[in-house]
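Undergrad: Sequence plus the predicted model coming up.
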Amino acid sequence: MLVAGEVGVDNPAGRKGAHILFQELDTKTEWFVGGKPDTNAPVGGRFILEVLYVEGAATQSDKSVVHTKMNEAVACVLGVNASFPSRATDWWVIIREVPEGDWGASGQTVGVRQANALLGGAPERAGYFEQVLAAKKRAKAAHGYPEERA
């Protein structure tokens, strides 16, 4: 689901680049709701699911699919009804876009073009991210951002 959201296709190359990190917190000392320790966590607990994409990799509709699929996966694992708003405050899916030029791997800067190629992304996605990159370049020029040094 995450790979399909980022590169438009679920494939072995994309799965190899998808990483999941679990971090459990003690609800009595590390998780607070309304300023108080969360002593009444719901069945299965509470979650923050954070997804990082390279800027321009996913359209809003791609992100909405990821929100839906992540919700379905958590609900399936917990065996609970996750329809909105039944679990609306129990888990959150947050998608963050890492600005072009801020992602790196193996000592190299990796932008959306490189990520799409490396992860075996659908070629048709280039039309979207190329428009995003061009718009960002125009916005920087219009607001007087300095030219990048060579």
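TA: Received, thanks. Numbers count the residues shown, from 1 in each chain.
Undergrad: Which positions in stretch 20-35 come out as buried?
TA: 27, 31 (16 or more other C-beta atoms under 10 Å). C-beta coordinates here come from the backbone N, C-alpha and C atoms, glycine included.
Undergrad: Mind jotting down where the strands sit in the chain?
TA: Secondary structure of the chain by DSSP state E: the strands cover 32-33, 36-37, 47-54, 91-98, 104-105, 108-109.
Undergrad: Mind listing the strands the third one pairs with, and their directions?
TA: In this case it means strand 47-54. Strand 47-54 pairs in its sheet with strand 91-98 (parallel), by DSSP bridges.
Undergrad: Check the fifth one too.
TA: Using DSSP bridges, the strands paired with strand 104-105 are strand 108-109 (antiparallel).
Undergrad: The second one too?
TA: In the sheet, strand 36-37 lines up against strand 32-33 (antiparallel) (DSSP bridges).
Undergrad: Need the mean per-residue confidence for the partner strand.
TA: Per-residue pLDDT over strand 32-33 has a mean of 88.
Undergrad: And for it, what's in contact with it?
TA: For strand 32-33, contacts defined as C-beta atoms under 8 Å, 6 or more residues apart in numbering pick out 38, 46, 89.
Undergrad: out of the strands of the chain, which comes closest to Phe129?
TA: Smallest distance to Phe129 across those (C-beta to C-beta): 8.5 Å, for strand 47-54.
Undergrad: Buried residues, the closest one. List them.
TA: For strand 47-54, by 16+ other C-beta under 10 Å, it's 49, 51, 53-54.
Undergrad: what's the answer for stretch 33-42, then?
TA: For stretch 33-42, by 16+ other C-beta under 10 Å, it's Asp38.
Undergrad: oh, and call the first residue 515 from now on, that's how I've got it
TA: Fine by me, first position is 515 from now on; the one you just mentioned is stretch 547-556.
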